[in-house]
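A.B. asks: Structure for this input, please:
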Amino acid sequence: DMAAEVEDSLKRLRSELVEHYQRVSLDRVQTRKSGDLTARVLADSQMIQVSTQILVDAVNEPFRLLTLLAMAIYMAPKLAALFGIGLPVMLVLVRRINSAIRRYAKKTQAGMGESAGLLTESLAGAREVRAFGLEDHQVARFEKEHAEALAQALKGARATAAGPSLVMIVGAVSSALVIW
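C.D. replies: Next up is the predicted model:
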């Protein structure tokens, strides 16, 4: 089963990353926030899982598209020509939407790493935070970082939601041209 193999590969990747962090020089580990390293182990491997599915789709979908295009040309050559006009518009839209989604996902990942780092710092230094009365300051820092990460995640979600709608609008306009 493909899903089981992907999950097993992710498990191995996470384990290898943890092992690498255990063996890398202390200078390298200490110059980075532990929350960022934690987020990388968990979120980056999740991103690889999503990318793997996208790669599988990228291999499968062109064959489907070519088969459907060949059938369309065989069944109705004029309609297939109109499809050829709408396709580049859809490809440009999809490419821009995917670029925006990746950009927002990267910013969300960075924000979540920063949030996790702040949380780890607060928990690891809880005694110092309380001794100096910095609880409110630490909470405010975390909330600020987390709010920024959430804003990026929401932008990514909007871009993800807008994609199918825009493609359907282009399809509807193409269909209207065919009928007209």
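A.B. asks: Need the three-state assignment for Gly133.
C.D. replies: Classification of Gly133 by DSSP: H, G, I helix; E, B strand; the rest coil places it in coil.
A.B. asks: name the element Val50 belongs to?
C.D. replies: Using DSSP states H and E, the element containing Val50 is helix 45-75.
A.B. asks: elements contacting that helix?
C.D. replies: helix 2-23, helix 77-124 (3 or more CB pairs under 8 Å, 6 or more residues apart in numbering; DSSP states H and E). For the C-beta atoms, the positions are set from N, CA and C on the backbone; glycine is no exception.
A.B. asks: what's the angle between the last one and helix 45-75?
C.D. replies: The reference is to helix 77-124. Angle, helix 77-124 to helix 45-75, by axes from the mean of the first three to the mean of the last three CA atoms, to 10 degrees: 170 degrees.
A.B. asks: Against which helices or strands is helix 77-124 packed?
C.D. replies: Judged by 3+ CB pairs under 8 Å, 6+ apart, helix 77-124 is in contact with helix 34-39, helix 45-75, helix 135-179.
A.B. asks: what's the most buried one of these?
C.D. replies: Of all the helices and strands packed on helix 77-124, helix 34-39 has the most neighbours on average by mean count of other CB atoms under 10 Å, namely a mean of 19.
A.B. asks: And the helices and strands packed on helix 77-124: which comes nearest Leu10?
C.D. replies: helix 45-75 (5.0 Å; CB to CB).
A.B. asks: wait, what's in contact with the residue nearest the centre of the chain?
C.D. replies: In the chain, the residue lying closest to the centroid (CA atoms, centre = their mean) is Ala105, at 4.3 Å. Shown in contact with Ala105 (CB atoms under 8 Å, 6 or more residues apart in numbering): Met47, Gly156.
A.B. asks: State the distance from it to Gly86.
C.D. replies: From Ala105 across to Gly86, the span is 28 Å (CB to CB, to the nearest Å).
A.B. asks: just Arg130 next, same as before
C.D. replies: Arg130 is 62 Å from Gly86, by CB to CB.
A.B. asks: okay, the two: which has more neighbours?
C.D. replies: For Arg130 versus Gly86, neighbours defined as other CB atoms under 10 Å are more numerous around Gly86 (17 against 11).
A.B. asks: coming back round to it: tabulate the helices and strands packed on helix 45-75 in JSON lines, adding columns for mean pLDDT.
C.D. replies: Shown next, in JSON lines, are the helices and strands packed on helix 45-75 (pLDDT from 0 to 100):
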{"stretch": "helix 2-23", "mean pLDDT": "74"}
{"stretch": "helix 77-124", "mean pLDDT": "80"}
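A.B. asks: No more questions from me, cheers.
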